[in-house]
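J.: sequence and predicted structure, then a few things I'm wondering about:
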Amino acid sequence: MTTKNNNYAPTQEHDKRITAVGSFLRKTRLDELPQVINIIKGEMSFVGPRPERPELIKKLEQKIPFYKERMLIKPGLAGWDQISGEYHSPTTEDTLKKLQYDLFYIKNRSIYLDLSIILKTLSTIVSKVGR
């Protein structure tokens, strides 16, 4: 008999739910491979608002005006919010900040903006910084 872990709290440093394999996948960014498959399938793009966990979306839509607007475009592997230098947890306050970045991106999207996000993301990966 298996039990389902319903602990949806964001992970933290030294989180007991992260296994050694999971830690390795995160450090090497291999945990992003399933999203690359979603890009190939056409469900995601390289650049766009990062997808949120489905169980949080309904709650956030009820709490935050215009939250649903961030879903006007496909979610992305990299986003304007992610290169902002701030880490945003799924709290309402942080989600409001993240939404501002996402709406800015949607309003101002261009090849130049996408390229700058991709280059900054690659720089983060190569330098092994970021969360």
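T.: Received the coordinates, thanks. Residues are numbered from 1 along each chain as shown.
J.: switch to C-alpha atoms for all contacts and neighbour counts from now on
T.: Will do.
J.: now do the helices in this protein.
T.: 20-27, 33-40, 54-63, 92-108, 111-127 (DSSP state H).
J.: quick one, what contacts the residue nearest to the spatial centre of the chain?
T.: Against the mean C-alpha coordinate of the chain, by C-alpha atoms, centre = their mean, the closest residue is R50 at 3.4 Å. Applying C-alpha atoms under 8 Å, 6 or more residues apart in numbering to R50 gives the contacts P75, G76, L77, A78, G79.
J.: low-confidence regions, the protein specifically.
T.: 1-8, 130-131 (pLDDT under 70).
J.: repeat the analysis, applying 50 as the threshold.
T.: For the chain, residues meeting the criterion pLDDT under 50 lie at 1-3.
J.: may I have the beta-bridge partners of the residue nearest to G48 when sequence neighbours are not counted?
T.: Excluding the flanking residues, the one nearest G48 by C-alpha to C-alpha, 6 or more residues apart in numbering is G76, at 3.9 Å. Assessed by DSSP bridges, G76 has beta-bridge partners S45.
J.: S89: neighbouring residues, count only.
T.: For S89, the neighbour count with other C-alpha atoms under 10 Å is 14.
J.: and it, how far is that from Q100?
T.: Distance check for S89 against Q100: by C-alpha to C-alpha, to the nearest Å, it reads 14 Å.
J.: got the contact list for E61?
T.: E61 makes contact with Y67, K68, according to C-alpha under 8 Å, 6+ apart.
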